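Peer 1: need a structure here:
(2 chains, ligands or ions: 2)
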Amino acid sequence: MKTATKHSSRREFLKTSSGVALFIGVSGILPQLVSCKKTDKVRAQLAKHELTAWVRITEEGEITIYNPAAEMGQGSMTSLPVLFAEEMDADWSKVKVEFSPQEVEIYGSEGWAPGSKLMFTVGSRTTKSNYPVMRKAGAQARHVLMYSAAKHWNVPISELTTANSNVIHEPTHRELSYGALVPFLKMPDILPDFTEDQYKNPKDYKLVGKRIPRTEIPVKVNGTAQFAIDIRLPNMVYGVLERGNLHGSQPTLNNQTEILALEGVLKVIPFDYAIGITATTLEAALNAKKRLKIDWSESQATGYNSQEIYHDYEKIADSKKNGKIITEQGDVKKAMRTAAKTYRTDFKNDYVYHAQMEPLNAVIQVSAYFNSAEVWVGSQQGTDTKLGVPKLLNIAPENVNVHLQYLGGGFGRRSMNDFVEECALLAKEMAPRPVKLIWTREDDVTHGAFRPLTLQRLTASTDKDGAITGLSHFVIGDGGNLVASGIKNHHYNIPNQWAEWRETSHGVRLKHWRSVGHGTNKFAIECLLDEIAMDQGADPIELRRKLMVKSPRALATLEKATEISDWNGPEKAGRAKGVAFAEHGSLGTGVCEISVDQKTGKIKVHRFWVALDAGVIVQPDNVKAQMEGGLIMGMSSVLKEQITIVDGRVQQSNFDDYQLLRMEDIPESIETALIPSTSIPEGVGETATPLVACAIANAFLRLTGKPLRHLPFTPERVLAVLNG
Amino acid sequence: MPLFTLNINNKEHRIDVAKGTSLLWVLREHLGLTGTKYSCGIAQCGACTVHIDNAPMKACVLPIDSFADGQRITTIEGLSEKGDHPVQKAWIEAQAPQCGYCQSGQIMQAVALLEENPNPTREEIKEYMNGILCRCGTYLRIVKAIELAAENKTPIT
Ligand code: FES
Ligand code: FES
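Peer 2: Ligands and ions are numbered 1, 2, ... in the order given. Prediction:
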């Protein structure tokens, strides 16, 4: 049923020849049409009403849809507009997509707290969180167009239909395109809310679930896609910071006079943790950065050696002192006491770094009177869509304009806006000249914010029939949810479960890294399952099948993966398959096939299969691309990537000593099967990555009989295991 | 500051920069040819790949004073007028890019490969493309795009 909400007290609306902006309250509040060219008018409207502005239509029928999410390669520039255009019945060939303004009141989707709003492209929430918003706004846009046509023709709205950007009145064989309707647009008094059965029937979908080429790909192959690092402005100066490689350390600069005398150098700007330099050119700034003579103070991290800390972590795991309890289900202690057999295993995970290909950067211009700022940035946004700039510079939020650019990779790093704040402080010093702050790759690595180092201690109990009755999981590490996410087993029927986080702290910067704690916790859980299966002489798929009895959707992915990987088929000599299951919004089972060079210890992944249930699939090809990307990033981190800390200092600094997976190490194929579903779409960006460590280790166990329990599986470590 | 003359995308550019400045900074920050990307600065990632007389080179480690007269530099902007070079078309067909940041370098390297070897095997593709990193993990689609472009048999230049 259509439900009426508020009445409009204001019916007039503004039109311009270049099109009108259709503002539609997603909560059914007052719709308005406002001149799209006059931004102050729009703002005034938006200040008065809680509105959502999603689409602009010109008389020529050009439709511009605003995307509220960051685009970092996950396809938001297409998936969200597709949802909108589908319900609007828009002609996709006439649709253009632009980033929406960074105004959370207008463009935010439901936040974590009830009633709150967020523009935060994290946790693979893009499609899921915006799904209801975009569908409803699209359906409301269509309703306004139909209402206007009904008034224009003086016919009941119930006699109208739409197709491909046209409103049609079948009884009189009349039709008007959306563009042609622009001069006749009228606002209904009430704007309907929609219930599920009033949305388009999925069998009529023309866009959702189809192979729609991504809208932003053409600019990404001709070099014109604009990243923040590409911004150039008149009078712009360059900023760099030297931050050292000991996190939390404070600098004392010993040669300021010499630096200031260098050609092109404008200012030396001290930070608590760094020395900033501004210069007329980037090369001058970088040259000056190299010549800085800085003494660094000790910090909390001083004395910390990451590769030796595991002994301490083992002691913490041994201790009787509980940490923060995350899962307490049934009676694990009793399950262990009464078990026919128990298994105890530790898993270790070194630090990993984001390595997004575009180093952090931003361009900011503060006005001469310090009362407004323009910000160009590739950000995953934040709880504050103005990225901390208003508070830092004491400028009213409405006077801070954030121009979101394409992100050259995010993976969690760009949901931390330290680089934006740095640039804001430099820009304040240089006002009104704009400042481009660039982190060199060395800055990006040494002052990185890593996925935390952890130790997982897992203990499982089985009964006399071999069924798993209890699972206890301690994670030891720094960073709360950064280490604890993914520790829960929603899909395994294990009656007694216990999970807790035991905290450590080393003063090393940490951050969400694609799939966060799932990467390390699933590694531990899934490998333990296979170690149990091996001990029981059971098939790892069969063991999981039993555990998934109460989770049919998870089980369906397991069955599908078994099928497409030909799990039970013959294996080539020297190869073995391994399986793993993970959930991160969507549910996925992955299978990989590997071989090992016994002389070098190098693991080769030959093929990967994944079966995924992600609810409604908006863009199937893009979901597959996310699986491919997530798995390859997973392989990279699992086989190669490692940040080590010696005496608090980050030991790596660039891609020569922090190796990423290259073309030579890619698998022959990655095959994705998508399970059909009508459930709400779930995130897909972080489900594949955590499958990799466990699938590879499980394949290795089946191949060699030996477990891999410490990430990354570098050739040296693998050799040590083989020879151990 | 010294004045340098470079031929970039068939146009003469006169540039006033400090000796030793890398071609990458000249392209990006002085000339606004920002399709060529910075990522590592030490010839490890290939994001900055351009063609010097048709050979793929890493612009981040080429000082501006190392160019000889008459050397031709081609960047992604000079590859085609409308983004419709056969390799670019194949890239769209394969829906290769994710974040897109590495893709100019990937495409420049792939074009050079196909000019040298119009029908590369998979192993040859992997070997030739090995110097160009992609953090988003688009490698399989890049291989596919190169195979599409090779099959297409359209002359590459
Ligand atoms: S920026 Fe030149 S190779 Fe990485
Ligand atoms: S597409 Fe993002 S780094 Fe290659």
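
Peer 1: stretch A:665-676: end-to-end distance?
Peer 2: Using CA to CA, to the nearest Å, the end-to-end distance of stretch A:665-676 comes to 32 Å.

Peer 1: just the strands in chain B please.
Peer 2: Applying DSSP state E to chain B gives strands spanning B:3-8, B:11-16, B:49-52, B:55-58, B:72-74.

Peer 1: which one of these lies closest to ligand 1?
Peer 2: Checking the strands of chain B against ligand 1 by CB to the nearest ligand atom gives strand B:55-58 as the closest, at 4.2 Å. Backbone N, C-alpha and C define where each C-beta goes, glycine included.

Peer 1: quick check, residue A:685 in a strand?
Peer 2: No. Using DSSP: H, G, I helix; E, B strand; the rest coil, the assignment for residue A:685 is coil, not a strand.

Peer 1: need the contact list for it.
Peer 2: Residue A:685 sits next to A:74, A:124, A:126, A:514, A:626, A:630 when contact means CB atoms under 8 Å, 6 or more residues apart in numbering or on different chains.

Peer 1: over to residue A:470?
Peer 2: A:330, A:332, A:335-336, A:339, A:459-461, A:494-498.

Peer 1: what sits closest to it if chain neighbours are left out?
Peer 2: Closest residue to residue A:470 apart from its sequence neighbours, by CB to CB, 6 or more residues apart in numbering or on different chains: residue A:335 at 3.0 Å.

Peer 1: so that neighbour sits in a helix?
Peer 2: Yes. Checked against three-state DSSP, residue A:335 lies within a helix.

Peer 1: read off the pLDDT value for it.
Peer 2: For residue A:335, the pLDDT comes out at 98.

Peer 1: between which two of the contacts of residue A:470 is the distance greatest?
Peer 2: A:459 and A:495 (15.0 Å; CB to CB).

Peer 1: who has more neighbours out of those two?
Peer 2: Remark: of residue A:459 and residue A:495, residue A:459 carries more neighbours, 19 against 14, as counted by other CB atoms under 10 Å in any protein chain shown.

Peer 1: quick check, distance from the one helix or strand the more buried one maps to to the centre of its chain.
Peer 2: Using DSSP states H and E, residue A:459 sits within strand A:454-462. How far strand A:454-462 lies from its chain's middle: 28 Å, per CA atoms, centre = their mean, to the nearest Å.

Peer 1: for it, packing partners?
Peer 2: Packing partners of strand A:454-462 (3 or more CB pairs under 8 Å, 6 or more residues apart in numbering or on different chains; DSSP states H and E): helix A:309-318, helix A:332-337, strand A:341-349, strand A:468-477, helix A:518-536.

Peer 1: compute the inter-axis angle for it and strand A:341-349.
Peer 2: Between strand A:454-462 and strand A:341-349, the angle formed by their directions is 170 degrees, by axes from the mean of the first three to the mean of the last three CA atoms, to 10 degrees.

Peer 1: mind listing the strands strand A:454-462 pairs with, and their directions?
Peer 2: Within its sheet, strand A:454-462 is paired with strand A:341-349 (antiparallel), strand A:468-477 (antiparallel), according to DSSP bridges.

Peer 1: related to what we said a few turns ago, I'd like the helices and strands packed on strand A:454-462 as TSV, with distance to residue A:259 appended.
Peer 2: Shown next, in TSV, are those (distance: least, CB to CB, whole Å):
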stretch	distance to residue A:259
helix A:309-318	37
helix A:332-337	60
strand A:341-349	40
strand A:468-477	39
helix A:518-536	41
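
Peer 1: for residue A:386, find the nearest of these.
Peer 2: Comparison of the helices and strands packed on strand A:454-462 against residue A:386 by CB to CB identifies helix A:518-536 as nearest, at 30.2 Å.

Peer 1: for the residue of chain A found nearest ligand 2, grab phi and psi.
Peer 2: Closest residue of chain A to ligand 2, CB to the nearest ligand atom: residue A:357 (3.9 Å). Backbone torsions of residue A:357, given as degrees, to the nearest 10, read phi -70, psi -30.

Peer 1: what pLDDT does it get?
Peer 2: For residue A:357, the pLDDT comes out at 98.

Peer 1: just to revisit the earlier point, mind picking the lowest-pLDDT entry from the contacts of residue A:685?
Peer 2: On pLDDT alone, residue A:124 ranks lowest of the contacts of residue A:685, at 75.

Peer 1: ok so, going back, format the strands paired with strand A:454-462 as TSV; extra columns: mean pLDDT.
Peer 2: Formatted as TSV, these follow (pLDDT from 0 to 100):
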stretch	mean pLDDT
strand A:341-349	98
strand A:468-477	98
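
Peer 1: quick one: which of those strands is nearest residue B:126?
Peer 2: Among the strands paired with strand A:454-462, the nearest to residue B:126 by CB to CB is strand A:341-349 (29.2 Å).

Peer 1: what does that closest one contact?
Peer 2: With CB under 8 Å, 6+ apart as the criterion, strand A:341-349 contacts A:310, A:313-314, A:317, A:336, A:451, A:453-462, A:519-520, A:523-524, A:527-528, A:531-532, A:535, A:707, A:709-711.

Peer 1: is there any residue in the next helix or strand along the chain from that strand that contacts ligand 1?
Peer 2: Using DSSP H and E, the helix or strand that follows strand A:341-349 towards the C-terminus is strand A:361-366. No. Using CB under 6 Å from any ligand atom, we find that strand A:361-366 stays clear of ligand 1, coming within 13.7 Å at best.

Peer 1: rounded mean pLDDT for strand A:361-366, please.
Peer 2: On average, strand A:361-366 scores 98.

Peer 1: and that strand, what does it pack onto?
Peer 2: Short answer (3+ CB pairs under 8 Å, 6+ apart): strand A:361-366 packs on strand A:373-377, helix A:418-430, strand A:435-438.

Peer 1: partner strands of it, with direction?
Peer 2: Sheet pairing here is set by DSSP bridges, and for strand A:361-366 it gives strand A:373-377 (antiparallel), strand A:435-438 (antiparallel).

Peer 1: can you give me the end-to-end distance of stretch A:462-481?
Peer 2: End-to-end distance of stretch A:462-481 (CA to CA): 29 Å.

Peer 1: try stretch A:90-102
Peer 2: So stretch A:90-102: terminal residues 25 Å apart, CA to CA.

Peer 1: what about it, distance to the chain center?
Peer 2: Put simply, stretch A:90-102 sits 22 Å off its chain's centre (CA atoms, centre = their mean).

Peer 1: near chain B at all, that stretch?
Peer 2: No. Judged by CB under 8 Å from any CB of the partner chain, stretch A:90-102 makes no contact with chain B; its nearest approach is 14.8 Å.

Peer 1: could you list the buried residues of that stretch?
Peer 2: Neighbour counts over stretch A:90-102 (16 or more other CB atoms under 10 Å in any protein chain shown) mark A:90, A:91, A:92, A:94, A:95, A:97, A:99, A:100, A:101, A:102 as buried.

Peer 1: hmm, back to that, now the buried members of the contacts of residue A:470.
Peer 2: Neighbour counting over those (16+ other CB under 10 Å) leaves A:330, A:332, A:335, A:336, A:339, A:459, A:460, A:461, A:494, A:496, A:497, A:498 as the buried ones.

Peer 1: possible to save the residues you listed as TSV with distance to residue A:470?
Peer 2: Below are these laid out as TSV (distance: CB to CB, whole Å):
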residue	distance to residue A:470
A:330	7
A:332	5
A:335	3
A:336	6
A:339	7
A:459	8
A:460	7
A:461	4
A:494	7
A:496	4
A:497	7
A:498	8
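
Peer 1: re earlier: distance of the residue of chain A closest to ligand 2 from residue B:75?
Peer 2: According to CB to CB, to the nearest Å, residue A:357 and residue B:75 sit 18 Å apart.
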